[in-house]
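Peer 1: Could you work out the structure for the sequence below:
(one chain, ligands or ions: 1)
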Amino acid sequence: MTDRSARYRSLPGFLRGFSAGVLLQMLLVLVNSVLVVLPVLVGQRLIDDGVLRGDIGLVFALGGLLVALTLVQAGISYAENVYSSRLGERLTLRIRGDLFAHLHTQRPGFFAYARPGAVVSRIHGDVRGVQQLVSSTVPALTGAVSTLVVAGLGLLLLEWRASLVLLVLAPVMYGLAVYFAPRVRDATQREMGAYADLDTCVTEQFSAEGAEVVRLHGAHDTMAERFVATAARVRAHALRQVRLGAGFGAAVSVTTGLIGAAIYVVGGLWVVSETMTMGTLVAVVALLGRLYGPIAMLSGIKMELVAGLVSFGRVAEIMRFRPTGSGAPVEARPTRAMAEPRPSVVLNGVSFTYPSPERLVVPSLAAEHDLVEVTRGPTLRDIDLTIEPGTTVGLVGRSGAGKSTLARLLTRTWETAHGRVEIAGTDIRDLSADDLQRTVGAVTQETFLFNDTIRANLLFARAAAEEKDLVRVCRAAQIWEMVRNLPDGLDTVVGDRGVRLSGGERQRLALARLFLKAPPVVVLDEATSHLDNETERAVQQAMRTELADRARLVIAHRLATVREADLIVVMADGRIEERGTHEQLMDLGGLYSRLVDAQGRGLEKAGLK
Ligand SMILES: Nc1ncnc2c1ncn2[C@@H]1O[C@H](COP(=O)(O)OP(=O)(O)OP(=O)(O)O)[C@@H](O)[C@H]1O
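Peer 2: Alright, predicted model coming up:
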């Protein structure tokens, strides 16, 4: 467990990091609650010793004291509110920073299953829930307890018989809280779950790609219906929460109202029978008024406390999450430095099975249907393969054969304990994340560009690159002419995920980014699939210069892409079925030659050959 995750073992443990702030906040709350009760006791003396005995001087003196107490109490209350909010905001910043950094350490499998909306709602909603807990609920709780103690003691000293009222009031309020709290918690959780679905719906469908798919399939109405159904779930849970809150409020009002009436009647009889002074009756009624608030709050606060703790639990759940099985990082192993500038890659007896989702992701972030247990067979079986520096290995095979999975083992997107993946003789799991990132570079069919300038997207690969390097790699990737002709050139913003560029342009920018990084091990998974034949040939030519002595793995459906490879590996059903050069495999007359024939016939039919 990292230091960051360890902070989230428990709420008190987390708050230890803010102990000075929390202590100051508590002190302000305590002083405030004493100042709320003191005026009542002063008021009693004012009536009994001042008004009823006709001591005008005392009336003015105690009146002045009341004004002073009110002003001091207002000042302390202001300071407490501002300080609590500041503490809450500091805390929010810490949690958001921790969550964001922690999410970045998750394995890619996490993001394959986590609903984006659920992640967003944790970062916004639940973090705010924890903030509320610390900046409002906990001080309110402390304030209520201390007011209760001070006011209770005051009541006991003034008129012990009246304090017996507490024996009725407290259990009734507690009973109400016991009834309402679990129901509110349930409604809160359900509402948050529904919000996560709603957020996912919006982020998916209003992304450029999602909106396009919906439009092309004319699915607006279906999607709108689904959205409204989810929004209706949010409404139902929110209304249930409101109903429960209102029910609780009404029950509290009835209880306090009945008790108030009883005190007036009984207290009035005591004053008539002269067993209690008028000042004491007024003070008792005022003190009880001060007590209702804290008692109602204490019973109601349980609900807020529960909601806040649920939020903390949901944040902590992510912060403490460790994937298990082959999706898990192997931090316990010592990392070794990658010294070899031109390493070879060796896969030795490698098999791989995709782990089930609950090992990869916090279950509450995944969609329910993803968590249904499925037994998967191995996707890769007993793979032996060597890629020497300065050579290209072409990987081909039918769709679903396991080519991309194999590539993802080289980028350590996935890890396997069955067999070894070695770079320069070191098990890939023993390499530090930095070394791995420096050593292996990949371009895939789906190119992701950030909604930023072309320059910023390129500099992602090498922040210190100069303008002339950017131009050189753009030229090599056959994209410079296009970039140069844009009104803002390299400073053109590409849109969400690069949506303002064509698929081929995005791929060429991704290749330029790879050339800029020029890592010792290169993985190209359908990286030129969107390019026309002529551009692809030019890019391949550039690749031989830009990535000359690197170990290269090239996956392609278009077999012409890998025809010149030093070794072509043909995969079927997770195994290596054939290997050799193009000529050797054609002579063999096996799967590869059948794939070449099929593609040739396809091209002939299309009149392209
Ligand atoms: N994240 C995943 N979780 C579970 N199974 C997966 C995952 N990714 C891929 N698979 C499965 O693994 C198998 C191999 O997929 P892979 O993407 O490696 O095939 P491929 O040979 O690259 O196919 P294509 O040529 O269509 O890209 C497929 O059956 C696929 O459904």
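Peer 1: neighbours around the closest residue to residue 295 other than its chain neighbours, how many?
Peer 2: Leaving aside its sequence neighbours, residue 295 sits nearest to residue 173 (C-beta to C-beta, 6 or more residues apart in numbering; 5.0 Å). C-beta here means a position set from N, CA and C on the backbone, and glycine is covered the same way. By the criterion of other C-beta atoms under 10 Å, residue 173 has 21 neighbours.
Peer 1: element containing residue 173, please.
Peer 2: Secondary structure assignment for residue 173, by DSSP states H and E: helix 165-205.
Peer 1: Return the residues in contact with residue 343.
Peer 2: 389, 423, 424, 425, 439, 520, 521, 551 (C-beta atoms under 8 Å, 6 or more residues apart in numbering).
Peer 1: so the residue in the stretch 501-609 of the chain positioned nearest to the ligand, which of the three states?
Peer 2: The minimum distance from the stretch 501-609 of the chain to the ligand, using C-beta to the nearest ligand atom, falls at residue 557 (6.2 Å). Secondary structure assignment for residue 557 (DSSP: H, G, I helix; E, B strand; the rest coil): coil.
Peer 1: Next one: the residue nearest to residue 295 from the ligand, what distance?
Peer 2: Distance of residue 173 to the ligand, given as C-beta to the nearest ligand atom, to the nearest Å: 52 Å.
Peer 1: Would you state the predicted confidence (pLDDT) at that residue?
Peer 2: Note on residue 173: pLDDT of 77.
Peer 1: try residue 565
Peer 2: Note on residue 565: pLDDT of 89.
Peer 1: wait, is it part of a helix?
Peer 2: No. Counting by three-state DSSP, residue 565 falls outside a helix, being coil.
Peer 1: so the residue of the stretch 101-250 of the chain found nearest the ligand is in which element?
Peer 2: Among all residues of the stretch 101-250 of the chain, residue 112 sits closest to the ligand, at 4.8 Å; criterion: C-beta to the nearest ligand atom. Counting by DSSP H and E, the element that carries residue 112 is helix 108-113.
Peer 1: next one: residue 422
Peer 2: Per DSSP H and E: strand 420-423 holds residue 422.
Peer 1: Name every strand pairing with that strand and say which way it goes.
Peer 2: Strand pairing for strand 420-423, using DSSP bridges, gives strand 345-352 (antiparallel), strand 426-427 (antiparallel).
Peer 1: Just name the most buried of the ones you listed.
Peer 2: strand 345-352 (a mean of 19; mean count of other C-beta atoms under 10 Å).
Peer 1: What mean pLDDT does that one get?
Peer 2: The average pLDDT for strand 345-352 rounds to 92.
Peer 1: go on, stretch 3-17?
Peer 2: Averaging pLDDT along stretch 3-17 yields 85.
Peer 1: next one: stretch 597-609
Peer 2: Here stretch 597-609 scores 63 as its mean pLDDT.
Peer 1: likewise stretch 554-561?
Peer 2: 87.
Peer 1: Report the contact partners of residue 82.
Peer 2: Taking C-beta under 8 Å, 6+ apart as the test, residue 82 contacts no residue whatsoever.
Peer 1: element containing it, please.
Peer 2: helix 56-104.
Peer 1: same deal with residue 597?
Peer 2: In this assignment (DSSP H and E), residue 597 forms part of helix 591-605.
Peer 1: What are the buried residues along whichever strand or helix holds residue 155?
Peer 2: If you go by DSSP H and E, residue 155 is part of helix 138-158. Across helix 138-158, burial judged by 16 or more other C-beta atoms under 10 Å covers 138-148, 150-152, 154-155, 158.
Peer 1: how distant is the helix holding residue 112 from the center of its chain?
Peer 2: Distance of helix 108-113 from its chain centroid, counting by C-alpha atoms, centre = their mean, to the nearest Å, is 12 Å.
Peer 1: Next secondary structure after that helix?
Peer 2: Using DSSP H and E, the first helix or strand after helix 108-113 is helix 116-121.
Peer 1: Counting by contacts, list what that following helix packs against.
Peer 2: With contacts taken as 3 or more C-beta pairs under 8 Å, 6 or more residues apart in numbering; DSSP states H and E, helix 116-121 sits against helix 165-205.
Peer 1: Mind listing residues that contact the helix or strand that the helix it packs on is followed by?
Peer 2: Toward the C-terminus, helix 165-205 is succeeded by helix 208-216 as the next helix or strand (DSSP H and E). Residues from elsewhere that reach helix 208-216 (C-beta under 8 Å, 6+ apart): 204, 205, 219, 220, 223, 495, 496, 497, 499.
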